[in-house]
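**Q** Only the shape, not the letters, is given here:
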DNA sequence: ATGCATTTCCAAAACGCTTTGGATTTCCCA
DNA sequence: TGGGAAATCCAAAGCGTTTTGGAAATGCAT
């Protein structure tokens, strides 16, 4: 069943039927009703491909899922971000197109999406410092929103980000307040912009208390359970181990817990742990007292807001660039407590 | 730059240019080369929307990401499955379209995708027993592949599944061999077909040893960390706690570990744990000795094979239905050991 | 040189929709 | 009962490809 056939059955022209269905005012309500009913009856909906050709709009938003050859990992936060964004797309009649791509092909893929006219806009994930993809997308003239920010990019661009620096500054301060002085930072890959910002927040807090930053306590890696385990284990075996850890995601924190437990230590007592919590749907860190003390910000919500921003950009292409900085909330859970020395002091008191 | 403009510059007809680019034999190699070069120079690639209208093919595969209102969780294995499947789509020139949908709208969405002609086929996730979606898709005539199987569906359909029953039968047998007699099963949601099969495998193994199935040891839930924690905690506090646990995913196993640790017990010694491991990219359970004893089967590989199957079905629509049953491998890790009573016996020996 | 098969290319139709620019009808008021 | 405005509808021209059905040019053997 297509438009021509439907209009034949109704004894109307395709023009009128099309207008009736798309809510144009040039058609009487009586006719519109008749058309709508017939469309429902024959289960007609306009062919996407034809519609998109005629309107010149793809009605599709693209997301690239880049996979590197060495560590071919899918970012675990990706699915929750997509869930948030995709819900909005669906509500607005947009489709979501996901392209799994080797990361060396990423720029080429953006170019391809643009010239093919396959999407009306894209979301850029995991920006690095001075990310070249931003320049690429800008020059392609393809509307886009960055999830995160990229330092040192000369041009303006749309972004939705969390105040990572402040979140980690606050997390570090919390541990300092508890008497911890040797605090390890288990951070994301060094080239990622958010990791850089988090590192800066951590350093800020230490320096505000005149505590030197010990590079041995800082590490960068992919946010896997294995990485969290290996790194924590190494830290605890060092000559002068930290009394507290800050981890950039809840996934490596799972590994950290395992390493702490393996070492015969207790989390929240012998070793304090603060995590950055993206509020992943399968790993809710809530309850009366959350398992982990955490700086929390819902990545799903970020996805929703990024979608809003992108759709708005597509609708108003000439408007100035949009920015949204979300704040993480710091919630106390079971994984933090006074530093061991402090604990002895308190016990005496 | 479109086809007409390109052909103008070349002094050729659109027909010839189109044929040259699409590798048809009616064009001389010399002309083809000239066209290809010009296309590269002007960075031309055919407009997807027009191409798809003309060919009548969407060149797109659909995946639905259903989200229920109560427990709005994204299945953590989804992203790895997509990564595997999406890679194949990209290689074959297909796009991947993801639709985030409230699960009560799922059937309606399939119908819409079909009538709109938005996709050439879909992958069905998380089939329940006698899943109505299979009937819907069959009647729509939309090619599809099920990731998993659905019992009691009268018609034939394509599927890629793991031999869940055997995997759980073997996992249970392993624990029985180690002397465990009270083995808990922490399973997925009861309505999911794979949970049913896993339960059957578990029961098979017990009954083969003439051990009665204790319903109190079996539970169903969503595979979150929180669920694994709560359930394990409850089990360990019961009057007659199990000495071993089998968990349907590595995610609740994380919670189980936490509960065991909280109870002052040691995993692999006081309590044995076997997990079903989907080989998630951010939670690799490998190393010299894996953390968990596990029945492992890569969900990413399953995604790739499902994609193969679907593309093949689209190319040969009349062929008979295809099935692929993958076997999980059972690998011994650090989380299992002899049952405590057995251990005492062995220690004496 | 001639005839025939190949090679090489093209004009025009088709895909299914939207949208432009009228044409026709209806309505309202003087 | 006109006349103009408003309401209602339509024919036809796109949108940018692919594909059908030839036409012209070339190559080869005679």
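**A** On my side now, so go ahead. Source: prediction; values computed, not measured. Numbers count the residues shown, from 1 in each chain, chains lettered A, B, ... in the order given.
**Q** would you list every one of the strands in the stretch 101-250 of chain A?
**A** For the stretch 101-250 of chain A, strands defined by DSSP state E, counting those that start in this stretch occupy the ranges A:121-124, A:144-147, A:158-162, A:183-187, A:218-220, A:244-247.
**Q** how about those, which one is nearest DNA strand C?
**A** Checking those against DNA strand C by CB to the nearest atom of the strand gives strand A:121-124 as the closest, at 18.6 Å. Backbone N, C-alpha and C define where each C-beta goes, glycine included.
**Q** Give me the neighbour count for residue A:296.
**A** By other CB atoms under 10 Å in any protein chain shown, 22 other residues sit near residue A:296.
**Q** and the nearest residue to residue A:69 once chain neighbours are set aside, what is it in contact with?
**A** Among residues not flanking residue A:69 along the chain, residue A:102 sits closest, at 6.7 Å (CB to CB, 6 or more residues apart in numbering or on different chains). Residue A:102 sits next to A:66-69 when contact means CB atoms under 8 Å, 6 or more residues apart in numbering or on different chains.
**Q** Take those and keep only those in strands.
**A** Using DSSP state E, the members of these that fall in strands are A:66-67.
**Q** tell me which of the contacts of residue A:102 is nearest to DNA strand C?
**A** Checking the contacts of residue A:102 against DNA strand C with CB to the nearest atom of the strand, the nearest one is residue A:66 at 33.4 Å.
**Q** ok, the closest one touching residue A:103?
**A** Yes - assessed by CB atoms under 8 Å, residue A:66 is found in contact with residue A:103 at 4.0 Å.
**Q** quick one: which of these two has more around it?
**A** Neighbours were counted for residue A:66 and for residue A:103 using other CB under 10 Å; residue A:66 has more, 18 against 15.
**Q** So which bits of chain A are right by DNA strand D?
**A** Proximity of chain A to DNA strand D is confined to A:11-16, A:19, A:26-31, A:50, A:53-54, A:56 under the rule CB under 7 Å from any atom of the strand.
**Q** which of the residues you listed are buried?
**A** Neighbour-count burial within those applies to A:12, A:16, A:19, A:27, A:50, A:53; the criterion is 16 or more other CB atoms under 10 Å in any protein chain shown.
**Q** Just give me the least confident of these.
**A** When those are compared by pLDDT, residue A:27 scores lowest at 88.
**Q** Got phi/psi on that one?
**A** phi -130, psi 140 (degrees, to the nearest 10).
**Q** ok, so what distance separates it from DNA strand C?
**A** Here residue A:27 is placed at a distance of 10 Å from DNA strand C (CB to the nearest atom of the strand, to the nearest Å).
**Q** Could you pull up the contacting residues of residue A:249?
**A** Counted by CB under 8 Å, 6+ apart, residue A:249 has contacts A:76-77, A:188, A:223, A:275-276, A:278.
**Q** which of these lies closest to chain B?
**A** The shortest approach to chain B among the contacts of residue A:249 belongs to residue A:76, at 4.6 Å (CB to the nearest CB).
**Q** count of residues packed around that closest one?
**A** The number of residues near residue A:76, taken as other CB under 10 Å, comes to 24.
**Q** ok, back up a step: of the contacts of residue A:249, just the buried ones, PyMOL syntax please.
**A** Here is the PyMOL command that selects only those of the contacts of residue A:249 that count as buried (16+ other CB under 10 Å):
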select buried, chain A and resi 76+77+188+223+275+276+278
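**Q** Restricted to strands, list the contacts of residue A:249.
**A** Residues of the contacts of residue A:249 located in strands (DSSP E): A:275-276.
**Q** what are the ranges of the helices in the stretch 101-250 of chain A?
**A** For the stretch 101-250 of chain A, the helices defined by DSSP state H, counting those that start in this stretch cover A:106-116, A:132-140, A:164-177, A:193-208, A:225-237, A:250-262.
**Q** So which other helices or strands are in contact with the third one?
**A** Counting contacts by 3 or more CB pairs under 8 Å, 6 or more residues apart in numbering or on different chains; DSSP states H and E, helix A:164-177 packs against strand A:183-187, helix A:193-208, strand A:244-247, strand A:272-277, strand A:293-296, strand A:329-331.
**Q** Pick the most deeply packed of the ones you listed.
**A** Most buried of the helices and strands packed on helix A:164-177, by mean neighbour count (mean count of other CB atoms under 10 Å in any protein chain shown): strand A:244-247, with a mean of 29.
**Q** Can it be said to contact chain B?
**A** No - Strand A:244-247 is not in contact with chain B by CB under 8 Å from any CB of the partner chain; minimum separation 13.4 Å.
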